[in-house]
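Chemist: Build me a model:
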Amino acid sequence: MFVLYLPSSNESRKIHEEIKAVPICRERDHCWSRHTDSGTGFTSCRLVCLLVIMGPAIPKIVRFFGLFILCSMFEGSLSVRFTVSSTTSVVAALGSDVLLPCHLIPEMNAEKMEIRWFKPTYQPYVHLYINGKDDYTAQMPQFANRTELLKDNITRGIFPLKIRNVTAQDSGEYYCFVESTEHHGKATVQLQVTAVGSLPVISPNTYTSNDTAFCVSCGWLPEPSLIWTDTQGIRVISSMENVYKDKKSLYCIFSIISLPDSSNITCTVSNSISQMNQSCWRIRETGLPVTCRDLYSRYIVFWPCLAALIVCIGCLCHQSKELRNKNEEIKQLLAALGNLN
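Modeler: Below you'll find the predicted structure:
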């Protein structure tokens, strides 16, 4: 720095070349690209370029104080830079509470910074902390009274977001955006809400003429898949399958198969989180289920037999009555013959 006080023009040019050798000012275009994300870095870059451009025309004392201020500002810009970090993904059960992590690297006090959680647009937001307090004025309606920024460790740059009673609509990508007066950054975390659906229900399909059965299960997150297997565990290919969402944005799955020549069939429903439910249905020994047509056949045999039985009972009752009447007549005749004697 003592070189700055040498009065000769040759040494002034030497200072000029030394400043130009600084990487941040090697190309003037860098002032408009590399440091635009930091106000302090942008100002310091402009000051360096100004000193380089003006060179010897600037009085030595002004140049000295300019370089002094530059060094102070550049050190300050380095000290306030940070990286926003989080985990890649978080899994939460439907209806539970979940924490979405977010923190600064290196550790620093974030009490005076803006912390904004949003999905998928900047505004309306999921949660906003600004000017040292929470701001709910433009919060997404679906998150009303369900979010909380935990500030126990905010002085260390740790501020996870708590979401209560998560719903199916809460699944998706969240952004943790942090901004100070000198710098800003953001991190992304994926929230996946899960739910285990109902026990699959297997029933005969009475709407077709074929020997078929269907399986249905609802209440799943994320989207489930369905597999049919026979007694030997061999997969049975379905003839039709449909997946749809109910009113609560939970998934239902429906599948139909032609019944195999097997004593049992199993319907297994699972999702990508390795959660599953399954049901087993026994088929009669012939390999066919007990369908409504079988019951109809039984009714055809049963009712005529029942009617014949009733007729027989009626005939027996009638014959029994006639026998009693004949017995009474015989007794009366015998009594009359006894009186004649």
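Chemist: What is the neighbour count of V311?
Modeler: Neighbour count of V311, defined by other CB atoms under 10 Å: 10. (C-beta placed from N, C-alpha, C; glycine too.)
Chemist: does it belong to a helix or a strand, and which?
Modeler: helix 292-340 (DSSP states H and E).
Chemist: For the closest residue in space to A138 that isn't next to it in sequence, list the residues it contacts.
Modeler: Among residues not flanking A138 along the chain, P124 sits closest, at 4.8 Å (CB to CB, 6 or more residues apart in numbering). Taking CB atoms under 8 Å, 6 or more residues apart in numbering, we find P124 in contact with 118, 138-140.
Chemist: For P124, grab phi and psi.
Modeler: Note on P124: backbone dihedrals following degrees, to the nearest 10 are phi -70, psi 150.
Chemist: Which pLDDT value goes with it?
Modeler: Looking at P124, its pLDDT stands at 96.
Chemist: Likewise for the one 3 residues further on?
Modeler: Reported pLDDT at H127 in the predicted model: 98.
Chemist: Any buried residues in stretch 143-159, and which?
Modeler: Neighbour-count burial for stretch 143-159, counted by 16 or more other CB atoms under 10 Å, picks out 143, 146-147, 149, 151, 154, 157-159.
Chemist: Which members of the residues you listed are positioned in strands?
Modeler: 147, 149 (DSSP state E).
Chemist: what about the protein, any weak spots by pLDDT?
Modeler: Within the chain, the ranges that satisfy pLDDT under 70 run 1-80, 206-210, 284-303, 329, 332-341.
Chemist: any chance you could map the helices in it?
Modeler: Counting by DSSP state H, residue ranges of the helices within the chain are 9-20, 39-54, 60-80, 292-340.
Chemist: got the contact list for the closest residue to M113 other than its chain neighbours?
Modeler: In space, and not counting its chain neighbours, M113 is closest to S180: 4.8 Å by CB to CB, 6+ apart. Contact analysis of S180 by CB under 8 Å, 6+ apart lists 80, 82, 112-114.
Chemist: and if you look at P160?
Modeler: P160 touches 99-102, 149-150, counting by CB under 8 Å, 6+ apart.
Chemist: and with 7 Å instead?
Modeler: 99-102, 150 (CB atoms under 7 Å, 6 or more residues apart in numbering).
Chemist: quick one: which of the residues you listed is most hemmed in?
Modeler: For the contacts of P160, neighbours tallied by other CB under 10 Å; top is C102, 27 neighbours.
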